[in-house]
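J.: My questions concern the predicted model and sequence given below.
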Amino acid sequence: MGNASISSTLIALLFWLALGVISYTYFGYPLLIWIISRLRPKSESYERHTPYITLLIAAYNEEVIIEDKLINSLSIDYPKEKLQILIVTDGSTDQTPDIVNKFANLGIEKLHQPERRGKMAAINRAMAHARGEIIVFSDANNYYQPDTLKKLIAPFSNLEVGAVSGAKVIGRGDGALGASEGLYWKYESFIKQQESRLGSCTSVSGEILAIRKNTYNTPPDNIINDDFYIAMQVIRQGHRLAYVPDAKSSERVSLTAKDEIIRRTRINAGRYQAIALAGQLLPFNHPVLVWQIISHKFLRPLVPFFMIVLAISNLTAVIYPPRAGGAINLQPPFGVFMLCLQMLFYMLAWFGARPSKQENQSRLIRLLYLPTFLTNSNIAALNGFFQYLRGQQSHIWERIQRR
């Protein structure tokens, strides 16, 4: 009787621990950071600031979209005499370098070498050729609004700011996958705004990230998530990382949910790498920032493990129901009710994953896709863990098709 009671208590403890971590990661931390940020002024005002900047674009085999990207970059409303547009096409085997050459008379500069060593190596090589006081990192598949750079650069008028991240926006018309991805980035934007108001945000979008050139510490070439590594090095130097939601970068979602899982698998492998490098990344002299980084970035890839613990402990409590303890101990019918809720969630995820020809689904259908999106994201986190554990995730990323 005693052993059974201890086992029931242990199972319930695992259940509530798992549920607590999942709830804290997705809901608790955003709520806490929102409450704490209310203690700070609502917004900062920045002076007009137009330093010399370098827009640095890493492009590997982007012949399909690179011309549109260059046209978009040339249309940016920023003093031309203070803007260097530098394209790195290292390793490209298609027409990307040739297309970039056609824009040379418009001031576009290109760096190219036949050897492909990965994005981080390309960026490190390009930094020696970047003349800007501020470096803006961008990808080839995202597009800026005309006023994006002015808004992104404005916080640098405050000398405490060492880096600034803009907002990632998903283009409309990409069905349920695009709607869910767009909702996710709105959720991320909310968290970043609260963090930035508190002092520094802890997450950046690599396609719209600006840093002071003198804060750049050359990362190792094998870094998977280069944007996060660069941002953390800026914070470790004692600088602030600001977030500007009005500085927008738009892109399309991955072609399929499978492609999105592959993309997120790489990102999550990079997150596990970052966790392993925590000693080199965390600003230990700023405990609040350490808490923010762990809560926002390090717990996310661990959620699927807690989801597994949640399901197993709940199922065990249903098969071997405790005789006492009430809801806290998962005594019937509470344990059955919680298991039904989990089953409903995964059934909705399965339903949302079914192939559909209705790309213009109703709002209800798109809402029902959210469990699919969350489940796929956590599958990608598990895949990323095993990829990193086996050393199979190369820092050299492969392109994922976009819509």
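T.: Right, received. Where do you want to start?

J.: The longest strand belonging to the chain: which residues count as buried?
T.: Counting by DSSP state E, the longest strand found in the chain is strand 240-251. For strand 240-251, the buried set under the neighbour-count rule, 16 or more other CB atoms under 10 Å, comprises 240-245, 247-251. For glycine as for every other residue, the C-beta is placed from the backbone atoms N, C-alpha and C.

J.: Report how many residues lie close to the residue nearest to Y184 when sequence neighbours are not counted.
T.: Take Y184 and drop its neighbours on the chain: the residue closest to it by CB to CB, 6 or more residues apart in numbering is F373, 7.1 Å away. By the measure other CB atoms under 10 Å, the count of residues near F373 is 22.

J.: doesn't L177 make contact with F373?
T.: Yes: using CB atoms under 8 Å, F373 is in contact with L177, at 7.4 Å.

J.: before we move on, the earlier item: for the residue nearest to Y184, pull up the helix or strand it's in.
T.: helix 370-389 (DSSP states H and E).

J.: quick one: buried residues of stretch 17-24?
T.: 18-19, 21-22, 24.

J.: and G352, how far is that from P371?
T.: 6 Å (CB to CB, to the nearest Å).

J.: which of those two has more neighbours?
T.: G352 (24 against 20).

J.: Run a quick neighbour tally on the spatially closest residue to that one that is not a sequence neighbour.
T.: In space, and not counting its chain neighbours, G352 is closest to T372: 3.2 Å by CB to CB, 6+ apart. The tally of other residues near T372 (other CB under 10 Å) stands at 21.

J.: Report the contact partners of T372.
T.: Contacts for T372 (CB atoms under 8 Å, 6 or more residues apart in numbering) come out as 176, 180, 257, 348-353.

J.: Just these: which are in helices?
T.: 176, 180, 257, 348-352 (DSSP state H).

J.: packing partners for the helix or strand where I261 lies?
T.: In this structure, I261 is located in helix 257-276 according to DSSP H and E. Applying 3 or more CB pairs under 8 Å, 6 or more residues apart in numbering; DSSP states H and E, we find helix 257-276 packed against helix 175-198, helix 226-236, helix 370-389.

J.: Can you list the residue ranges for strands in the chain?
T.: With DSSP E, the ranges of strands along the chain come out as 53-58, 83-88, 108-111, 134-138, 143-144, 161-170, 209-212, 240-251.

J.: Out of these, which gets nearest to A380?
T.: Among the strands of the chain, the nearest to A380 by CB to CB is strand 161-170 (16.9 Å).

J.: Point out where the chain drops to low pLDDT.
T.: 1-6, 42-43, 172-176, 254-255, 354-368, 392-403 (pLDDT under 70).

J.: Would you list the phi and psi of the residue most central in space within it?
T.: Nearest to the geometric centre of the chain sits S205, at 6.2 Å (CA atoms, centre = their mean). Phi and psi for S205, reported as degrees, to the nearest 10, are phi -100, psi 120.

J.: Could you tell me which residues make contact with it?
T.: Residues in contact with S205, defined by CB under 8 Å, 6+ apart, are 165-168, 227, 249.

J.: Please report how far it lies from R266.
T.: S205 is 15 Å from R266, by CB to CB.

J.: And L159, by the same measure?
T.: On the measure of CB to CB, L159 and R266 end up 35 Å apart.

J.: quick one: which of the two has more around it?
T.: R266 (22 against 9).

J.: Verify the stated contact: the more buried one with D226.
T.: No: using CB under 8 Å as the test, R266 is too far from D226 to be in contact (11.8 Å).

J.: Now stretch 381-391: buried residues?
T.: In stretch 381-391, counting by 16+ other CB under 10 Å, buried: 381-385, 387-388.

J.: Alpha carbons only: can I get it in PDB?
T.: Extracted C-alpha coordinates of stretch 381-391, given in PDB (Å, rounded to 0.1, in the frame of the first residue of the first chain):
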ATOM      1  CA  ALA A 381      12.900  19.900 -31.900                       C
ATOM      2  CA  LEU A 382      13.200  16.100 -31.300                       C
ATOM      3  CA  ASN A 383      14.800  15.600 -34.700                       C
ATOM      4  CA  GLY A 384      17.200  18.500 -34.000                       C
ATOM      5  CA  PHE A 385      18.200  16.900 -30.800                       C
ATOM      6  CA  PHE A 386      19.100  13.600 -32.400                       C
ATOM      7  CA  GLN A 387      20.800  15.400 -35.400                       C
ATOM      8  CA  TYR A 388      23.000  17.300 -33.000                       C
ATOM      9  CA  LEU A 389      23.600  14.300 -30.700                       C
ATOM     10  CA  ARG A 390      24.800  12.300 -33.700                       C
ATOM     11  CA  GLY A 391      26.800  15.200 -35.100                       C
END
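
J.: just how off-centre is that stretch within its chain?
T.: Centroid separation between stretch 381-391 and its chain, computed with CA atoms, centre = their mean, to the nearest Å, is 17 Å.

J.: Check stretch 85-105 too.
T.: 27 Å.

J.: what's the span of that stretch from first residue to last?
T.: 12 Å (CA to CA, to the nearest Å).

J.: Can we start the residue count at 58 from this point?
T.: Right, with 58 as the first residue, what we last looked at is stretch 142-162.

J.: in that stretch, what's buried?
T.: 142-149, 153-154, 156-157, 160.

J.: picking that back up, tell me who's in contact with the residue nearest to Y241.
T.: By CB under 8 Å, 6+ apart, the contact list for F430 reads 234, 237-238, 241, 409.

J.: do the same with Y86
T.: Y86 touches 248, 352-353, 356, counting by CB under 8 Å, 6+ apart.

J.: Mind listing residues that contact stretch 106-115?
T.: With CB under 8 Å, 6+ apart as the criterion, stretch 106-115 contacts 126, 130, 133, 135-136, 139-145, 176, 179-180, 183-184, 187-197, 206-207, 210-211, 213-214, 267, 270.
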